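Novice: Predicted coordinates and the sequence they were generated for:
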Amino acid sequence: MNIEQLSAWMDGELNRDLEEKILTNWLVDDSSAEVWNTYHVIGEVLREPDITIVDLSSRVMKAIELENIECSAVPVVDKMHSVYGSWKFWGIAASLLISLTGVGFLLSPPNPETKSLMLAQENSTPPVSHANIDLPQSSAYYVFLHHEVSPMSGFQTVDYPIAQ
Amino acid sequence: MQRFFSCLFFLMACNAIYADGFESDPKAVTLLEQATHAANDLSYSGMFVYQHDGQMDMMNIIHGQVNGIPFTKIESMDGQRREILKKNNKLSCVFPDKKLVQIEKETTRNFFPSIRWPNKDKYIDNYQVMLVGVQRVTGRSCQIVRLNPRDQYRYAHEFCLDNQTQLLLKESTINQSGVAIMTVEFSALNLGLNVSLNNFQTSYEHSKDWLHQEIKSVQVINSESNISLNPPPGFESLGVFKSVGNKGQNIEQEVFSDGLASVSVFIEPADSNQATERIESLKNTLSYYSAEKGGMKITVLGEVPVDTATRIGQSFVINRRDQKK
Amino acid sequence: MSVLTSVLGAQSLGIPREGEVNAAVRSRVHNGEGNLSDLSDSNKELDRRLVVQAQAGNKKAFELLVVKYQRKLLRLVNRFVHDASEAEDVTQEAFIKAYRALKSFRNESAFYTWLYRIAVNTAKNHLVSRGHHFTTHTVAASEEAENFEDAPTLKDMNTPEALLMSRQLAETVNSSMSELPEELRTAIHLREIEGMSYDEIANIMNCPIGTVRSRIFRAREAIATKLRPQLDVSSDRRW
């Protein structure tokens, strides 16, 4: 392998068509791994002289092999296509949809966001509109109110319990 | 020689006075004041770790002034994704997972490393402020300012302030057993950087299309309740606020502070007339007390020991209608 | 060592004067995002392409990422886990978790940022699993680490032997740098420390991009020649 190309590639400065060649070559010729590692060590030592030099890569890759982890990004669309091909699926889906829609109209409570906005609108005089109020009223609600008005001088968490 | 020994004796006496817990060290008080300004005036970015209740949360922060206006951006690195954007007192909190943006136009919320004193003179009455040593935080030398409580009703606090800039680099809340129940500290810090508006834009471009909710500041009203409370010495009322509960009931919230810690007392109509009492420690150093008595429900919440919250909660008395609070 | 001051003596080679180089360097403001070289766009883009390859099943591509970030991640984990061998185990675990989760990584953020979060979570979980003394232990541990005056970055992670080895490596790299010809030294400094692209370096050094590429490669190879004997050990031996 042309190690000058490798040097440029690790800086992201190599033509894309050559990159393919490097990666393919790497599958059969491992010798460039040493160059890749050494060149990175040089950069790291220049930037952080106290950096600990360690090589965990072989342990990591061995562990991955042993676990037999396969990493292949399965496109979700493809999976769905295979499901959609089934008549049975469409039959079940249709009947579920009809039954749920009917029940839904009868029973669905307003969604919390809508309810809280409605609450704000109904109470024209109260000065506060607390959106997404948890039901039932929990300690999280009091925490929220406490943090809203309490001028605490220390650190305030960025937790917003209401939105959780 | 005599003058020398007199001076030495005087210095030792001063030290003894401080050590006995009577007077605060003026140098320590001055440092804390400087820290208040440092967090606002300096430009910095970094990462801080918030440790509490056996867990750690990390946040990225960048802060600076653009055209004289202070800006802050904080991004959570753990748990639910959230991003805080603050311009002066206007706060936006972005929740990408919920496609929600919550806005507070006049917030009183305070984020590390900012220190805000609701009442500076008060905290000196209730805490002895001392310099107790030096420490290194994220590679920088710091002075440790400790606030020792003068009684059992509050926690101790330690602030590690950068020697060079007085910026707060680490803060701990310490309980009566000497255990740090909450610590916040920088794990990485860059100071003196140039910032622009671009640094304080949301990372979520599409958030402008999400649900925007305004959290309005609660207004102060005259208290209409006929409740009496007897908080421990040093806690003074900062005001009464009104909120609305989940069933549309009015909740009154009175906030007490000793200059550093604060306690909220919520009063609302009870669901039942059963006398129930609930006492617990919540996360984030908060103590919680609630009880129902005489048709009213009282809830006490604050950054104080549980006994303090309990004492306040148990002290409430419902006055006769002709007796105003 | 100041590479830039030595540039003053090299004007005859067409290398810009120190003031000009400094001005160019100052214009690259360190905006608190960590080392510029690591987070440059070209670097992120390379990572992105390696991730895509790894997601397609090319384990070698993932190995390249491990080799690239292992030391940096170890340093990060070490902030939380002070025991040397535990920190290595946690770092290894973080990489394995990253590989397991790689198919769900959407390449919207930088790969290292994503890896960083995994490492932090893995370190956290490790600390939590150590039991009920978590809070006090962690506070005490971080105080202890901060008070280790002699080596604020290495702290108590390394054995004396490893500490010595790291220092020897740093000496080798630095002495090799000082022995390099001016133009090679400047090129590699601007690339590795200032994080500049080849295009920017070419502008500063007033030479073609191809020359920049060649100079950086030659500098690396010259240093690597001196470094290799010290690095030339079996892969599972720790320095």
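Specialist: Nice, I can see it.

Novice: From here on, just use CA atoms for contacts and neighbour counts.
Specialist: Noted.

Novice: Mind listing what's buried along the helix ranked longest in chain C?
Specialist: Looking across chain C with DSSP state H, the single longest helix is helix C:209-231. The neighbour-count check on helix C:209-231 (16 or more other Cα atoms under 10 Å in any protein chain shown) flags C:209, C:212-224, C:227, C:231 as buried.

Novice: what do you get for stretch C:168-179?
Specialist: C:L169, C:A170, C:T172, C:V173, C:N174, C:S176, C:M177.

Novice: chain center to whichever strand or helix holds B:I103: distance?
Specialist: In this structure, B:I103 is located in strand B:100-104 according to DSSP states H and E. Mean-position distance between strand B:100-104 and its chain equals 21 Å (Cα atoms, centre = their mean, to the nearest Å).

Novice: check whether it contacts chain A.
Specialist: No. Strand B:100-104 does not reach chain A (Cα under 8 Å from any Cα of the partner chain); its nearest approach is 8.6 Å.

Novice: Now that strand: average pLDDT?
Specialist: The average pLDDT for strand B:100-104 rounds to 84.

Novice: what helices or strands is that strand leaning on?
Specialist: strand B:90-95, strand B:211-214 (3 or more Cα pairs under 8 Å, 6 or more residues apart in numbering or on different chains; DSSP states H and E).

Novice: A helix includes C:V52, no?
Specialist: Yes. Membership of C:V52 in a helix is supported by DSSP: H, G, I helix; E, B strand; the rest coil.

Novice: which ones are touching it?
Specialist: Going by Cα atoms under 8 Å, 6 or more residues apart in numbering or on different chains, C:V52 touches no other residue.

Novice: Now do the strands in chain C.
Specialist: For chain C, no strands are identified by DSSP state E.

Novice: pLDDT weak spots in it?
Specialist: C:1-40, C:130-160, C:232-239 (pLDDT under 70).

Novice: Check the burial of the residue of the stretch 101-250 of chain B found nearest chain C by counting its neighbours.
Specialist: Closest contact between the stretch 101-250 of chain B and chain C, by Cα to the nearest Cα, is at B:R136 (4.9 Å). By the criterion of other Cα atoms under 10 Å in any protein chain shown, B:R136 has 25 neighbours.

Novice: do C:A84 as well
Specialist: When neighbours are counted by other Cα under 10 Å, C:A84 registers 16.

Novice: go on, B:R278?
Specialist: B:R278 has 11 nearby residues by other Cα under 10 Å.

Novice: Quick check: phi and psi at it.
Specialist: Here the main-chain torsion angles of B:R278 (degrees, to the nearest 10) amount to phi -140, psi 130.

Novice: Spatially central, which residue of chain B would that be?
Specialist: In chain B, the residue lying closest to the centroid (Cα atoms, centre = their mean) is B:A261, at 6.4 Å.

Novice: does it really touch B:V304, like I thought?
Specialist: Yes. Between B:A261 and B:V304 there is a contact at 6.8 Å, judged by Cα atoms under 8 Å.

Novice: list the residues that contact both of these two?
Specialist: Joint contacts of B:A261 and B:V304 (Cα under 8 Å, 6+ apart) are B:R154.

Novice: returning to that earlier point: regarding the residue of the stretch 101-250 of chain B closest to chain C, which helix or strand does it belong to?
Specialist: strand B:127-137.

Novice: packing partners for that strand?
Specialist: helix B:26-41, strand B:140-149, strand B:180-191, helix C:134-146.

Novice: how far out from the middle of the chain is the longest one?
Specialist: Here helix B:26-41 is found 16 Å from its chain centre; the criterion is Cα atoms, centre = their mean.

Novice: Which helix or strand lies directly C-terminal to that helix?
Specialist: Beyond helix B:26-41 in the direction of the C-terminus, DSSP H and E gives the next helix or strand as strand B:44-52.

Novice: Export that following strand to CSV, keeping only CA atoms.
Specialist: These are the backbone C-alpha positions of strand B:44-52, laid out as CSV (Å, rounded to 0.1, in the frame of the first residue of the first chain):
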residue,chain,number,x,y,z
TYR,B,44,-16.2,30.0,28.9
SER,B,45,-17.2,26.6,27.6
GLY,B,46,-16.8,23.2,28.9
MET,B,47,-18.4,20.2,30.4
PHE,B,48,-19.7,19.8,33.9
VAL,B,49,-20.8,16.8,35.9
TYR,B,50,-23.7,16.8,38.2
GLN,B,51,-23.5,14.0,40.8
HIS,B,52,-26.4,13.2,43.0
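
Novice: Quick one: list the elements packing against that strand.
Specialist: strand B:55-66, strand B:180-191.

Novice: Include mean neighbour count, distance to C:D41 and mean pLDDT when you put those strands into TSV, please.
Specialist: Shown next, in TSV, are these (neighbours: other Cα atoms under 10 Å in any protein chain shown; distance: least, Cα to Cα, whole Å; pLDDT from 0 to 100):
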stretch	mean neighbour count	distance to C:D41	mean pLDDT
strand B:55-66	21	20	84
strand B:180-191	21	21	85
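
Novice: will you turn those strands into JSON lines that also has distance to chain C?
Specialist: Formatted as JSON lines, the helices and strands packed on strand B:44-52 follow (distance: least, Cα to the nearest Cα, whole Å):
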{"stretch": "strand B:55-66", "distance to chain C": "7"}
{"stretch": "strand B:180-191", "distance to chain C": "6"}
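
Novice: which one of those lies closest to chain A?
Specialist: Nearest of the helices and strands packed on strand B:44-52 to chain A, taken as Cα to the nearest Cα: strand B:180-191 at 7.4 Å.

Novice: and the angle from the closest one to strand B:55-66?
Specialist: With axes from the mean of the first three to the mean of the last three Cα atoms, to 10 degrees defining the directions, strand B:180-191 sits at 40 degrees from strand B:55-66.

Novice: Can you give the distance from strand B:180-191 to the centre of its chain?
Specialist: 15 Å.

Novice: Work out the sheet partners of that strand and label each with its direction, please.
Specialist: Paired neighbours of strand B:180-191 in the sheet (DSSP bridges): strand B:44-52 (antiparallel), strand B:168-174 (antiparallel).

Novice: how about those, which one is nearest A:E48?
Specialist: strand B:44-52 (18.0 Å; Cα to Cα).
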